[in-house]
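# Predicted coordinates and the sequence they were generated for:
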Amino acid sequence: MNELDNNPSEFDDVYVGDLAISKSGKISWIATNDKPLREFPLKDNKANGAIEIFKMPEKDKEGNVFNHRYIAGVDPIDDDASGTVSLVSCFILDLWTDKIVCEWTGRLDYADDCYERIRLMLLFYNARCLYENNKKGMFAYFSKMNCLYLLADCPEYLRDKDMVKG
């Protein structure tokens, strides 16, 4: 909070928008006027939110995003509609700097649209994702899109400590 109090323009260079995929499979950034969510709880769960990029992906000399540099954490949803104020949340972390480089919190009309937005974020950053895997919809969607490689296995530590179910 001190950093923001001392430098209110700290996040003026944050990219806000969405990602799109071309027919050739290239992911591109699109600036939009969408507003990121800043307050919770919401009156309902009809808030799309917006992707915020704090740092674009770093690339090697060949122009490829580095392998094993970015990881993501996702709190997914399973249903298109909900009686609660449940939102999707995805954060991408740069392992080299220990800084969050991208985030999205919101809820689109359909769960598959949410999964697609997350998939594009992971592809854009060449990131691997840990997610709340008791929700089966995300796994099914990534399987359908031939992108299971983007989903990380449950960490051995959690299994060894019996912190997750089988």
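Noted; the coordinates are in hand. Numbering: from 1, shown residues only.
# drop to CA atoms for contacts and neighbour counts, all remaining ones
OK.
# So what does residue 26 have for phi and psi?
When read as degrees, to the nearest 10, the backbone of residue 26 gives phi -80, psi 130.
# from the middle of its chain, how far away would the biggest helix by length in the chain be?
The longest helix of the chain (DSSP state H) is helix 111-125. The chain centre lies 7 Å from the centre of helix 111-125; the measure is C-alpha atoms, centre = their mean, to the nearest Å.
# elements contacting it?
Packing partners of helix 111-125 (3 or more C-alpha pairs under 8 Å, 6 or more residues apart in numbering; DSSP states H and E): strand 15-21, strand 27-31, helix 136-144.
# So which residues of this structure form helices?
According to DSSP H, the helices that the chain contains are 2-6, 111-125, 136-144, 156-160.
# re earlier: and for the longest helix of the chain, what's in contact with it?
For helix 111-125, the surrounding residues in contact (C-alpha atoms under 8 Å, 6 or more residues apart in numbering) are 19-21, 27-28, 57, 65, 70, 72, 77-80, 88, 90, 107-108, 128-129, 137-138, 141-142, 150.
# Drop anything exposed from the residues you listed.
19, 27, 57, 65, 70, 72, 77-78, 88, 90, 107-108, 128-129, 137-138, 141-142, 150 (16 or more other C-alpha atoms under 10 Å).
# circling back to that earlier point, quick one: closest of the helices and strands packed on helix 111-125 to residue 97.
strand 15-21 (18.8 Å; C-alpha to C-alpha).
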